[in-house]
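Undergrad: Fold the following and give me the result.
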Amino acid sequence: MFSLKEFLIREVKPALGCTEPAAVALATARANEELPPENIVSIEVNLSDNVYKNGIAVVIPGTGGARGNAIAAALGVLCGKSSYSLEVLKDCTLGDLEAAKKLLQEGRVTISCDPSKHGVYIHAKVTRGFHWASVLIVDEHTNVVEVVKDGKPVFVDVIRKSQEKLSPFEAMEKLSYMELIRTTDEMDEEDMEYVLQGISMNMEVANYGLLQKNNDGFSFGQRMRQLLKEQKINEDLGYFIRTICHAAADARMSGVKLPVMSSAGSGNHGITAILPVALVGEALEKSKREIAKALVISHLSTSFVKSRLGRLSKVCGCVIAAGAGAAAGITYLLGGSAEQMAEAMRIVIVNTAGMICDGAKETCSLKVGTGSFEAYLAALFAITGSRATVPQGILHPSIEKTVDNVAKIEHEGMSELDRVIIEILAKLQPEMLEREAE
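TA: Here you go, the predicted structure:
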């Protein structure tokens, strides 16, 4: 049975930095907690293609620009705390970073990719002295299903292993969109206050992005604000939304040590699903409860798309899933019906379905900005009468079938995409490491 409260607890949560290397650090930190404080012999991590791709080049928060799964794995052992969940590295210091780099230089950290594994899959093994411990995370970034020490199980998720209970993410795949939207009636005061925390959390990161001095050549939020100031583009709510969302993603992807409220396992999904809805709600002077309900609609709609596409996808979930989610939430604030929310989602999906995910890095800010802007525009289209009546291309009058069509492209039409992207990133990695060392 689907529970809105359980959904919010599991799918909407604070995360520090990109969630894939954060989950890698969570796995090594949890394994390390089983071991005595003896010399670190080795840290071995095996990843799915999606986790490997997303973590290969992204900046780790609080490291001054260090990138990748390997440094995250080492930091997880040196300073990670699994009780912090996806904020596992929030105690990281520059001293920890130097120690982590030393482990890498000594060849004690190994990251491998298993191309037969997809979605969230992380197996980490840490050896200290004569003892070792391993941790397996699957399906969700914080879903530890097995802990083993010196060959003996310490923890096994028995319920999960027996498949007796579906997670909210799995359960929603069996619901129609209209059934899912009706669950918003379950929202209580506690849920309302919880989802509203996402606004202040993500706005703090956006404000940091607007002010930070960054020499990476990007900073799209600052550039958008300057273009608006110089009247090279006209000031309106759509461009303001885009500016704020660019800035939040700029800060997050360049390694700011501030958490964001994530959605469907991704911080950038959280930025796209939350900030456009909040900014429209503020502009329309909506009540806290109305904005909170719109945010719940946005989170549910985002996960509705992701439940069909997969937790980690070859297409850009920030645009296609979270953009569709934000469009539904904005449509609600504009007075739209559930049918108009579905129409706004269809518009975003058919408009952006070809956008690929080429791993997490600073230019994800461009996609977050695009998803946020297109969400606002799609909601306006839906409110002013756009309506899909006949199938065309991947568009279907049913939101379920439209999402299924994109999922078919994801699963069948793009089967080789991640392999190709990983090959490209692997060729670039020596150059990235060389620049990082300069």
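Undergrad: what sits against residue 9?
TA: Residues counted as contacts of residue 9 (Cβ atoms under 8 Å, 6 or more residues apart in numbering): none. Backbone N, C-alpha and C define where each C-beta goes, glycine included.
Undergrad: Swap in 10 Å and give it another go.
TA: Shown in contact with residue 9 (Cβ atoms under 10 Å, 6 or more residues apart in numbering): 3, 168, 191, 194.
Undergrad: If you tally nearby residues, what's the number for the nearest residue to the first one once chain neighbours are set aside?
TA: Of all residues beyond its chain neighbours, the one nearest residue 3 is residue 168 (6.7 Å), with distances taken as Cβ to Cβ, 6 or more residues apart in numbering. Other residues near residue 168 number 22, with proximity taken as other Cβ atoms under 10 Å.
Undergrad: Tell me the spacing between residue 168 and residue 98.
TA: To residue 98, residue 168 is 41 Å away according to Cβ to Cβ, to the nearest Å.
Undergrad: do the same with residue 326
TA: Residue 326 is 40 Å from residue 98, by Cβ to Cβ.
Undergrad: the more surrounded of these two?
TA: residue 326 (41 against 10).
Undergrad: in what helix or strand does the more buried one lie?
TA: In this assignment (DSSP states H and E), residue 326 forms part of helix 322-333.
Undergrad: do the same with residue 382
TA: Applying DSSP H and E, one finds residue 382 within helix 364-383.
Undergrad: in that helix, what's buried?
TA: By neighbour count with 16 or more other Cβ atoms under 10 Å, helix 364-383 contains the buried residues 364-365, 367-383.
Undergrad: Emit the PyMOL select command for whichever of the contacts of residue 9 are buried.
TA: Remark: buried members of the contacts of residue 9, expressed as a PyMOL selection using 16+ other Cβ under 10 Å:
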select buried, resi 168+191+194
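Undergrad: could you dump the contacts of residue 9 to TSV with secondary structure?
TA: Putting the contacts of residue 9 into TSV (DSSP: H, G, I helix; E, B strand; the rest coil) gives the following:
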residue	secondary structure
3	coil
168	helix
191	helix
194	helix
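Undergrad: Looking at the contacts of residue 9, spot the one nearest residue 416.
TA: residue 168 (31.4 Å; Cβ to Cβ).
Undergrad: how about the next helix or strand after the helix holding residue 326: buried residues?
TA: Under the assignment DSSP H and E, the closest C-terminal helix or strand after helix 322-333 is helix 338-352. Using 16+ other Cβ under 10 Å as the test for burial, helix 338-352 gives 338, 340-352.
Undergrad: end-to-end on stretch 76-95?
TA: From its first residue to its last, stretch 76-95 covers 14 Å (Cα to Cα, to the nearest Å).
Undergrad: cool, and stretch 62-81?
TA: End-to-end distance of stretch 62-81: 15 Å, with Cα to Cα as the criterion.
Undergrad: again with stretch 155-173
TA: Stretch 155-173 has an end-to-end distance of 28 Å (Cα to Cα).
Undergrad: still on that earlier bit, which is the next helix or strand following the helix holding residue 382?
TA: Using DSSP H and E, the helix or strand that follows helix 364-383 in sequence is helix 399-408.
Undergrad: Now do that following helix: which elements does it pack against?
TA: Counting contacts by 3 or more Cβ pairs under 10 Å, 6 or more residues apart in numbering; DSSP states H and E, helix 399-408 packs against helix 177-182, helix 288-309, helix 322-333, helix 338-352.
Undergrad: Can you tell me which of the ones you listed is nearest to residue 125?
TA: Proximity to residue 125 (Cβ to Cβ) singles out helix 288-309 among those, at 29.3 Å.
Undergrad: tell me which residues in the closest one are buried?
TA: In helix 288-309, counting by 16+ other Cβ under 10 Å, buried: 291-309.
Undergrad: for it, the distance to its chain's centre please.
TA: Relative to the chain's own centre, helix 288-309 is displaced by 14 Å; criterion: Cα atoms, centre = their mean, to the nearest Å.
Undergrad: Please apply the same query to stretch 380-390.
TA: Distance, centroid of stretch 380-390 to centroid of chain: 29 Å (Cα atoms, centre = their mean).
Undergrad: Kindly report the same for stretch 133-151.
TA: 20 Å.
Undergrad: can you give me the end-to-end distance of it?
TA: Criterion Cα to Cα; first-to-last residue distance in stretch 133-151 is 8 Å.
Undergrad: same deal with stretch 389-396?
TA: Rule used - Cα to Cα; the end-to-end distance of stretch 389-396 is 8 Å.
Undergrad: Please enumerate residues in contact with that stretch?
TA: Stretch 389-396 is contacted by residues 346-347, 349-351, 353-354, 388, 397-398, 401-406, 408-409 when judged by Cβ under 10 Å, 6+ apart.
Undergrad: What residues of that stretch count as buried?
TA: For stretch 389-396, burial by neighbour count (16+ other Cβ under 10 Å) applies to 394-396.
Undergrad: Show the secondary-structure elements that the helix holding residue 326 is packed against.
TA: Going by 3+ Cβ pairs under 10 Å, 6+ apart, helix 322-333 lies up against helix 177-182, helix 237-253, helix 267-283, helix 288-309, helix 317-320, helix 338-352, helix 364-383, helix 399-408.
Undergrad: That helix vs helix 338-352, what angle?
TA: Angle between the axes of helix 322-333 and helix 338-352 is 150 degrees (criterion: axes from the mean of the first three to the mean of the last three Cα atoms, to 10 degrees).
Undergrad: what's across from the spatially most central residue of the chain in the sheet?
TA: By Cα atoms, centre = their mean, the chain has its centre lying nearest to residue 266, at 1.2 Å. Counting by DSSP bridges, residue 266 is bridged to residue 263.
Undergrad: ok, now how distant is it from residue 219?
TA: Using Cβ to Cβ, residue 266 is found at 21 Å from residue 219.
Undergrad: ok, back up a step: kindly calculate the angle that the helix holding residue 326 makes with helix 364-383.
TA: Going by the same axes, to 10 degrees, helix 322-333 makes 40 degrees with helix 364-383.
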